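Participant: Take a look and give me a structure for this.
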Amino acid sequence: MNEQFGWTGKILRVNLTEGTFSTVDTMKYVPKYIGGMGVAHRIWWEEMKSGIKAFDPENKLIFTVGVTGGTAAPSSGRGEFVSISPYSYPEQYTNSSIGGAFPTQLKWLGYDGIILEGKAPEPTYLLITSEGPELRSAQDLWGMGLVDAQEILHKRHGEGSTSYGIGPAGENLVRFAIIGCGIHSATGQGGMGAVMGSKNLKAITLTKGKHQVKVADPEALLKVTEDIFPKKINHPWIKENLADKEHNPFWWSWVGPNEKPNFSINWMGLVYNKPYAYLSHSCGLGCLHGCGFYELRDVPATTHPGLLHAMTGCNHTRYEQFFHAEEGDKFAKGFEIHELAEQLGFGHFEIVYGIVPWLYYTKAVGIDTESLVGMPTDVRSVEWWVKLLNMIAYRQGFGDQLAEGLRRTTEKLGADVYAHTIYEGPEAARGAAWQGGKMKLPVAVLGGWGYTARSLGTEMPFPMNLPSMLNWMIDTRDPHHNKWPDWAHQDFQNFVMKAMTKQEDPYTAEFPLKWAKLSTVRGTIIDCLPECFMFPLRNYMGWQFDEQVGEGTWTTAVESRIFSSVTGQKMTEDELFKAGERVNTLFRAIQIRDYNRTAQMEFEEIIPRTYGTYDAEKFKVTTGNFYEYLGWDRETGWPTREHLESLDLKDVADELETLGKLPKTASVPA
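Facilitator: Numbering: from 1, shown residues only. The predicted structure is shown next:
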């Protein structure tokens, strides 16, 4: 390669224990592994081994940016963290994406990523400038809120500086703690903030860089950008309620045909923010549209003097929804709790879909969790929320157990009672305003591998959720960030109709296998470029396969056009898909080598999460069919040598065979 486009060519390695720095050659790994998460997976395969725990100094925390970072590529400006997740149950290797200005500025400083290893001897932050990296003391920042600490770092290092960091939850190794970029973006899943805290690393701060990321064909990149976004959509401060679909320009971005499915109702319904205006705030510098995250300023706190500045949106509006029917300034009450959770550095899903509903539901059915917590459960009280969140962040009393996450808590207390007991009545946050107040669900609404199910596990019936369950089965976290099966596509609607009218058996149908594979591999590609999870923008949260949607050419071929125009290395849609399949299969190999993942383990994890709505024996057939569809052995769930070698992963096959983790049978993927 005579000239390098898209990548800077090096990844920074930081040994926190020794305080030393070195670099890794990015070009060893690309374009074979695309970039971003794909590069991180390959480094992990080469450098890590089984037997390491999430909080061990030997665990690595790797951050990578792909070819789109630092360029004008549409929806660019995100990056990927990978590590052994303390949140996953059991602990396993996983990933979590994040935005903000950080990924772009890291590329402009000349790096494609950062490998963090070891443990600093004292609270520390990593500073990277155009002069190079250095470690500085963070003693004065330790214990501060996530946002407050980053504001100090911004003042200290000047205009244009940006940071990733943790709050008290990360410092105290709360398993679902986040790494956050101010109020604007975070690693929502995986507990990456706790891994960062275990390394005594409070923050990573970047100043302005001088490196220019070269684009091979700027005109082609401009053309694909114009195809996706005929014009940049600018939204002013909006003074209407998020719940007002007639005046909320984002409402229709989150709905399917005939408003079904409609996540706008989930995420913006019952949110009455007037008189406080909101602004759509993009999570990445390459965003040309904005989606479902909103910044609000000067909202008064209700329990202390002061004005609040924070974000809400997406599933996080649950904080505000808990107070939708309260007297007084209902929005400010929920927003105050939301702002506190951001400062403490929590992963919101575990709080608003897991722990707090669990306390509400257990109380309703007569299971005494109030004596464990040490106070009466009152989910409509701001004061109650403040006490609870601080208990968890600082591991005080029963908060020490809740800091382990809901899955570990209910397993310790006894899952049959504390997790699987069925509750019937109003939904915890939205009450009687949601589905007539008639919900039937387990008191602990859990998905696979320790993560809360959100609404997907309780509001989406079989067979609609069948592709989602297959996604979840082969992952190590909640997969529904980039790996969304397209529930709005007409092909999906046809599948559901055939299943409901008994024209086709959903357990033996090919469609769920196809849809789960497509969404898994496409989501993997997005994390490798990486792009925003709303990319390419579609009419609903899912991929619009092989068709045009909206004003532009929003098809699945867009990713390969962007990759080719930035790098100058022509890659067709099929070639990019195969590269995504290679990355996903390498991720599978890591699961098998380091965590002994098997088909039986996955079946036993997922079938209880269907809460009696699946026929277990028939689903067993579905899972075997899915493994074969992926090129894996149906009995073990392990990739075959034939499949690994077809993806140019012979060395991976050789190592798995040495470990006795390569199946004897052959399986050809669809």
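Participant: contacts, neighbours, all on C-alpha from now
Facilitator: OK.
Participant: The stretch 1-150 of the chain: strands as residue ranges?
Facilitator: For the stretch 1-150 of the chain, applying DSSP state E, counting those that start in this stretch gives strands covering 10-15, 20-25, 61-64, 79-85, 92-98, 113-117, 124-129, 132-137.
Participant: Arg156: neighbouring residues, count only.
Facilitator: 10 (other C-alpha atoms under 10 Å).
Participant: and it, what helix or strand is that in?
Facilitator: helix 146-157 (DSSP states H and E).
Participant: in that helix, what's buried?
Facilitator: Within helix 146-157, the residues that qualify as buried are 146-147, 149-150, 153-154, 157, counting by 16 or more other C-alpha atoms under 10 Å.
Participant: Considering the residues you listed, which is situated nearest to Ala516?
Facilitator: Leu146 (36.2 Å; C-alpha to C-alpha).
Participant: From His184, how far out is that closest one?
Facilitator: Remark: distance between Leu146 and His184 (C-alpha to C-alpha, to the nearest Å) = 12 Å.
Participant: next one: Gly70
Facilitator: 18 Å.
Participant: Looking at the two, which is more packed in?
Facilitator: Set Gly70 next to His184 and count neighbours by other C-alpha under 10 Å: Gly70 wins out with 32 against 22.
Participant: Ignoring the adjacent residues along the chain, who's closest to the more buried one?
Facilitator: Thr104 (4.4 Å; C-alpha to C-alpha, 6 or more residues apart in numbering).
Participant: From Gln105, how far off is Asn273?
Facilitator: Taken as C-alpha to C-alpha, the span from Asn273 to Gln105 is 34 Å.
Participant: Would you format the buried residues of helix 146-157 as CSV with pLDDT and distance to Trp7 included?
Facilitator: Shown next, in CSV, are the buried residues of helix 146-157 (pLDDT from 0 to 100; distance: C-alpha to C-alpha, whole Å):
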residue, pLDDT, distance to Trp7
Leu146, 98, 30
Val147, 97, 30
Ala149, 98, 31
Gln150, 98, 28
Leu153, 98, 28
His154, 97, 27
His157, 98, 26
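Participant: quick check, nearest of these to Asp298?
Facilitator: When those are ranked by distance to Asp298 (C-alpha to C-alpha), Val147 comes first, at 15.8 Å.
Participant: What sits closest to the closest one if chain neighbours are left out?
Facilitator: Val147 sits nearest to Gly182 (C-alpha to C-alpha, 6+ apart), 4.9 Å away.
Participant: was I right about the one you found contacting Ile152?
Facilitator: No. Applying C-alpha atoms under 8 Å as the test, Gly182 and Ile152 come out as separate, 11.2 Å apart.
Participant: next SSE after the worst-scoring helix or strand of the chain on mean pLDDT?
Facilitator: Sorted by mean pLDDT, DSSP states H and E, the helices and strands of the chain end with helix 456-459, the least confident at a mean of 59. Counting by DSSP H and E, the next helix or strand C-terminal to helix 456-459 is helix 466-473.
Participant: Show me what that next one is packed against.
Facilitator: With contacts taken as 3 or more C-alpha pairs under 8 Å, 6 or more residues apart in numbering; DSSP states H and E, helix 466-473 sits against helix 511-528, helix 599-606.
Participant: Could I get the CA-only coordinates of the next helix or strand after it as CSV?
Facilitator: Note on helix 466-473: by DSSP H and E, the next helix or strand toward the C-terminus is helix 490-500. C-alpha atoms of helix 490-500 as CSV (Å, rounded to 0.1, in the frame of the first residue of the first chain):
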residue,chain,number,x,y,z
GLN,A,490,-42.8,-6.2,5.1
ASP,A,491,-41.0,-9.6,4.9
PHE,A,492,-41.1,-9.7,8.7
GLN,A,493,-44.7,-8.8,8.8
ASN,A,494,-45.4,-11.6,6.3
PHE,A,495,-43.6,-14.1,8.5
VAL,A,496,-45.6,-13.1,11.5
MET,A,497,-48.9,-13.3,9.6
LYS,A,498,-48.0,-16.8,8.3
ALA,A,499,-47.1,-18.0,11.8
MET,A,500,-50.2,-16.5,13.4
